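Participant: any chance you could fold what I've pasted below:
(one chain, ligands or ions: 1)
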Amino acid sequence: MKKTYTIQIEGISCGHCVASIQKILDGLNGITASSVDLATGKASIELDSSQLDLQTVIQSINQTEIYTVKSHENENII
Ligand SMILES: [Cu+2]
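Facilitator: Next up is the predicted model:
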């Protein structure tokens, strides 16, 4: 089952940050689509819930100790 989420990330201030977050997301098995927006600090994620859950995504970002996931919203099953 595929699910989509929007997560709010604190600490994104430039294109390098966006690239770092994108790299983390690209490295996770089960992400089927993602994008990171510099202006809002929000990332849109589509994942395969049989391979990955949102908590793992959040932990992977928080592990950087640079970027922190503040909230998530808009869970949709597609
Ligand atoms: Cu930056």
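
Participant: tell me the mean pLDDT over stretch 18-25?
Facilitator: Rounded to a whole number, the mean pLDDT of stretch 18-25 is 98.

Participant: what's the helix of greatest length in the chain packed up against?
Facilitator: Looking only at the chain and at elements set by DSSP state H, the helix with the highest residue count is helix 15-26. The helices and strands touching helix 15-26, judged by 3 or more Cβ pairs under 8 Å, 6 or more residues apart in numbering; DSSP states H and E, are strand 31-37, strand 42-48, helix 54-62. From N, CA and C alone the C-beta is placed, and that goes for glycine too.

Participant: again, only using 10 Å
Facilitator: Helix 15-26 sits against strand 2-10, strand 31-37, strand 42-48, helix 54-62, with contacts defined as 3 or more Cβ pairs under 10 Å, 6 or more residues apart in numbering; DSSP states H and E.

Participant: quick check: which of these is buried the most?
Facilitator: Neighbour counts (mean count of other Cβ atoms under 10 Å) averaged over each of these peak at strand 42-48, with a mean of 19.

Participant: go ahead and confirm residue 19 touches residue 67.
Facilitator: No. Counting by Cβ atoms under 10 Å, residue 19 stays clear of residue 67, with 11.9 Å between them.

Participant: contacts only, for the closest residue to residue 48 other than its chain neighbours.
Facilitator: Leaving aside its chain neighbours, residue 48 sits nearest to residue 30 (4.8 Å; criterion: Cβ to Cβ, 6 or more residues apart in numbering). With contacts defined as Cβ atoms under 10 Å, 6 or more residues apart in numbering, the neighbours of residue 30 are 2, 46, 47, 48, 49, 50, 51, 52, 53, 56, 57.
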